Every structure is written in C-alpha cells, then in structure tokens.
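1. Sequence first, then the predicted structure:
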Amino acid sequence: MDLKALYSDFSAEEIEAINALPRNEKADQLALSKNLPTKDALKEAAELSQMPYLEKFDLIKNPTAHLPLRLIHEYQCIPVNLKSANQSEVEGVDEVQCQSIPLVTLWPPNDQMNRWVYASCGKTPEWYLGDPEKINDTITEHFGVGADSLDESSLIDDLGEEDAVEDEDAAIIRFVNEVILKAVNDRATDIHFEPNRDALQIRYRIDGELIPIRVPDNLIRFQGAIISRLKIMAKLNISEKRRPQDGRISFLASESELDIRISTFPTMYGESVSLRLLNQKSKPLSMKELGLAEEQEANLGRVLKSPHGIILVTGPTGSGKSTSLTAFIRLINKPERRIITVEDPVEYEVPGINQTQVHPEIGLTFAHSLRSVLRQDPDVIMVGEIRDRETADIAIRASLTGHLVLSTLHTNDAPGALTRLIDMDIEPFLIASSVELIIAQRLVRKLCPKCAQPANLDRTHLESCLKLMRVEPSPENLNANILKAVGCDSCRQIGYKGRIGIFESLAMSEEIHEHVVQRHSARKIRQTAVAQGMRGLTESGWQHVVNGMTTLDEVMRYADVEDGETP
C-alpha cells in the first residue's frame, strides 16, 4: 500500500525512512513519528488503509496447512479463526472459506505479499491488522524460536548438495542469533541448551525462574550443529566433547553489547551448554531501585562515609550481590575518591572508577590483584568475592590500614558471614575490628502492575504466615491490602515482571563484637542483633508485600533462612 496516499502530512524523507525499515519495525517508527503509542498508530493506519483491526485473534487449526511456515515468519502474518476474534469489525465472516484466507499482520501488506500468499495456498488473502507484540509472541509460542531458519523445505528446494550445506550453515547461524536476541528481549539472564533422549530443550532464566521456550519440532536433527556453532563463537575446541570447557562470546544485539559467558558440560545425550548474558551497557540500579528499607539505607549511608572498614554483602549465587555493590560504589563515587574494583566478571561499567577483571588462568586471582591494588593508592576497594583465607586476610588488613573495602561472601544470612570468616582461620579480634556492616539479600519477583489483583487471603493462613516470618500479627498487618499474581500479555501470563531485593542489615555493636571474639555461634549473634532492632529478610519482604510490590508466596520462600537453614 502507498504510504503517500495514507499519510499526506508526511514528508518524502519520512515515508522513505519507514519504507526502508523491516516490516516488524515500521509500526514503531510510525508511532514515533506521530508521537502515539504503537497500538494507536496502527489503529489509525488500519482506518486510513480501510483494513479492520483485530484486538483479539486465535490461530486456525493446523495453520501451516493453509500457509507455509516461511511466509508466516517472513511476513509476520497469521491465519486466524475469525469466529473467536473481535467481531466488531468482521461481523458475519466465516472461518477459512474456500476462496479466501483471513490473515492478521502487523503492517499493511504490499502487492508482492498478496501474490506470494495466493501462489502458495491458492486463496485470496483477507488482511487484518493486529498488535505487533501479540503477533510475534503468537508466532514464537506456536512455531518456536527460529522455526523459519530451520524449516527444512527452505534448506532443500532446488539447491545443489554444496549449496544446501552452505544454506544449512547459514540457517544454524540465524537460529542461534535469534535465540540470543529473543533472550535479550525477554530480559533473560541465562540460556540453557539441554540435550535429552529425543529433543534438544532450550530454557531461559527470567527473573530467577527457568522457562522453557517453544522450539521447532525438528531441532534434534540440528543439535550437533547448534552446539558446534556456539563453541565456534566462543573459540572453543569443537572436537573436544568429553571434557567441560569455558569461554566467552562478544555479541552485538541492537545497540547493546553482550559479554556472554559460555560453559559446556558432557551429558549422556550430548553436550549441555549454558550461556550467562552480561549486558555491557546495562544501567546499574540506584539505591531506591534495590529495595532497601529507609533505616537500612540510612545505616548503609553512615558506614559508606567511613574512611575505613569492611562492608560485606552475602547471599547465594544469583541473589544480586554484585548489583548491590555497584549501586553502593555509584553512591560514593566522587572526584576526590580513588576507587578500584576487582571483579569476576565486570558486570557493570561505572564511569570514573578503575575496574579490572581477574584471570585465574594466568595467575591473576582476587588475592594477587588485591596486593597490586594496594600499591595503587586507593581510597575504596571493591573485591568481587572473598573465596579463600588469603583474600580475606588481605582485605581485612587493607581495612585496618585505612581503606574502605566492599566485598561479597556466600553465606545464607548476615550473622553467618562472621562465623564463615572465623572458619577461614581469620583471627576473631581482626574480624571484630574491621567488619562494620553485613548485608544479606535475596531477590523476589515483582508483581506485574497491569494484572495484579487483591489476594483475599484466609485470616488464619495469614496469621500463620506472619508467625513464620516473625512479623507481628497486628490488626494493621492482618488487614493489609495483599495482592496476588494473575498474568497478562504484558508479563507473558506469569504475573510477575522484574525483581526487587529483600535485605537484612547487621551493624557491628559492642555486644556483637564480644560474640565474635568469643567465637559464639551465628544463632547467638542473630538473637542479639534482632534484640537490637535488626530487620530480617522476611520482615523486609513483608514491607514489599504491604506496598504491593510482590506476593506473600514469594517472601515465604525465605521464611526458614533466618533459622540458619538452607532455603
């Protein structure tokens, strides 16, 4: 369709710019030019092009029997069942008639699309416009990521044997790229390629949860080629399939540069490959976005102003410790302070500070790097993780000689960090003299604001949960407006979107100092800290529940952590 006829107020340059874009980007550019939401801009386009706009639509039964998979992907169009669609614009139209086929697409079609559809199925297309995001999600859900890339009919056709091999290699490259790009768009932090007896499963980790993605049915045929492609991207040995290998991939996704960590592991049915996605241009979170309570943030701010001491952030892998440390660094990053970090890997780039990455394969460990950092005249040192006695000893002595040190430990709670350092054979009096603050944290999923609804919990059940969380079952708490996850298109029917932290903050006092020197247990230290006003993980989480940020079920996952047990 001629955009000049549809939009007479557009300049020739604007029309040319829109025409030059891929079909799936035209609607966004149109919306940007008209300063409208994409859906509103498409509705206007539908009205001007005299095409009905479908708010809701469902696939017809066996859609690839009516339209080839290649055309569905290439033109982003779906054969639909109009009986289940929005009837306001299509009243009286039957399902798939003999002479025509109803198709919903994300941009008005051109003559070439009409000819190809008619040539492939022998039916005249009846075009409807729909929401681009819903169309793309429907295609991915029903046909899988990259299904068009691995469509075997597109690999055979009239190609010779040599050309067919080259075309298959290109298809594998496209498929792997599409899997990574979709992971980026879905905010995934990890991608797992997991071989089973009869299939190659691909799962994304989104907001801490593993979510299987729909893949082409014939994916098992390309398993070896897909794994080899990933290993080639990471410059790994593709012939070595019996030993684990580690590497990294630099990948450009739109305007983002990804640093992907790859790990291969041999299994019964082939190599399992895990990718950790690190966006080099990710914006570090602010203190408010972390989710700290006011008193916890005030306590942290006081310690961060100190010229020396140690601040430890504890929690299991994936609990957001590095994200929190980066937020702390940003808060104190000033021209008059020299800040040096030693990380593995560097997850966020912070302007104005000196960041380095450890390389154990050449002997550049945390301990070795820390010794060199001390010769660089730093005011603040961030150590990615205290893994051994040597690193802990250097960090503590650095704090005692006038440096502020920030680091992480793998312990379940804040009091456990003190006993963990003692287990590393660090003298208790050195620990008590250097450690100023310990913060334990976990991540809980945030409710999707578009679909969250009141939970209407049973009062007896709520009282039981409050007791387990060590929260006072006061009338105010029992009558709190608690929400539940429902699910909508915006959150992929999950009910959650994004994550926020829950924290407990342990500040050193005279009593806790004495507990450490006397080598008392973590439970004893916790009892004293709670008596002095320390808010536990679940108490912090309860405030997020009351504020409508998350659900009770999310916080209850950590109700036993405060007893020193593993969640």
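-> That came in fine, so what should we check first? None of these values were measured; they are calculated from a predicted model.
2. list the helices and strands the helix or strand where residue 394 lies packs on?
-> Assigning secondary structure by DSSP states H and E places residue 394 in helix 389-400. In this structure, helix 389-400 packs against strand 309-314, helix 366-373, strand 380-383, strand 404-409, helix 428-434, with contacts taken as 3 or more C-beta pairs under 8 Å, 6 or more residues apart in numbering; DSSP states H and E. (Glycine included, C-beta is placed from N, CA and C.)
3. want to throw the ones you listed into a markdown table with distance to residue 325, mean neighbour count and mean pLDDT?
-> Conversion of the helices and strands packed on helix 389-400 to a markdown table gives the following (distance: least, C-beta to C-beta, whole Å; neighbours: other C-beta atoms under 10 Å; pLDDT from 0 to 100):
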| stretch | distance to residue 325 | mean neighbour count | mean pLDDT |
| --- | --- | --- | --- |
| strand 309-314 | 6 | 24 | 96 |
| helix 366-373 | 14 | 20 | 91 |
| strand 380-383 | 6 | 25 | 94 |
| strand 404-409 | 5 | 24 | 95 |
| helix 428-434 | 17 | 18 | 93 |
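4. quick one, which of those is nearest to residue 341?
-> strand 380-383 (4.0 Å; C-beta to C-beta).
5. Pull the distance from that closest one to the chain's centre.
-> Taking the mean of its C-alpha atoms, strand 380-383 sits 26 Å from the chain's own mean (C-alpha atoms, centre = their mean, to the nearest Å).
6. contact partners of that strand?
-> Defining contact as C-beta atoms under 8 Å, 6 or more residues apart in numbering, one finds that strand 380-383 is touched by 325, 329, 332, 337-343, 366, 370, 373-374, 391, 395, 398, 403-408.
7. Tell me how many other residues crowd residue 138.
-> Residues near residue 138, counting by other C-beta atoms under 10 Å, number 21.
8. Residue 58 too?
-> Neighbours of residue 58 (other C-beta under 10 Å): 15.
9. measure it to residue 506 for me?
-> Using C-beta to C-beta, to the nearest Å, one gets 54 Å for the distance from residue 58 to residue 506.
10. The helix holding residue 394 versus strand 404-409: what angle between them?
-> Calculated by axes from the mean of the first three to the mean of the last three C-alpha atoms, to 10 degrees, helix 389-400 forms an angle of 150 degrees with strand 404-409.
11. Flag every buried residue along helix 389-400.
-> Using 16 or more other C-beta atoms under 10 Å as the test for burial, helix 389-400 gives 390-396, 398-399.
12. pLDDT averaged over that helix, what's the number?
-> Mean pLDDT, helix 389-400: 93.
13. which outside residues touch that helix?
-> Outside helix 389-400, the residues that touch it by C-beta under 8 Å, 6+ apart are 308-310, 365-367, 370-371, 374, 381, 383, 385-386, 405, 407, 421, 424-426, 430-431, 433-434.
14. if we go to 7 Å?
-> Residues from elsewhere that reach helix 389-400, judged by C-beta atoms under 7 Å, 6 or more residues apart in numbering: 308-310, 366-367, 370-371, 374, 381, 383, 386, 405, 407, 421, 424-426, 430, 433-434.
15. Heading C-terminal from the strand or helix carrying residue 177, find the next helix or strand.
-> Assigned by DSSP H and E, residue 177 belongs to helix 161-185. Going down the chain from helix 161-185, the next helix or strand is strand 188-195, by DSSP H and E.
16. partners of that next one, with directions?
-> strand 200-206 (antiparallel), strand 270-279 (antiparallel) (DSSP bridges).
17. What ranges does the stretch 451-567 of the chain have for its helices?
-> Under the criterion DSSP state H, counting those that start in this stretch, the stretch 451-567 of the chain contains helices at 459-468, 475-478, 510-517, 522-531, 537-546, 552-556.
18. of all the ones you listed, which lies closest to residue 443?
-> Taking these one by one with C-beta to C-beta, helix 552-556 is closest: 9.4 Å.
19. helices and strands around that closest one, which ones?
-> Here helix 552-556 touches strand 435-447, helix 459-468, helix 537-546, going by 3 or more C-beta pairs under 7 Å, 6 or more residues apart in numbering; DSSP states H and E.
20. For residue 184, which residues are in contact?
-> 253, 256, 277 are the contacts of residue 184 under C-beta under 7 Å, 6+ apart.
21. ok, now how distant is the nearest residue to residue 433 once chain neighbours are set aside from residue 394?
-> Spatial nearest neighbour of residue 433, chain neighbours left out: residue 400 (6.7 Å); criterion: C-beta to C-beta, 6 or more residues apart in numbering. Here residue 400 is placed at a distance of 11 Å from residue 394 (C-beta to C-beta).
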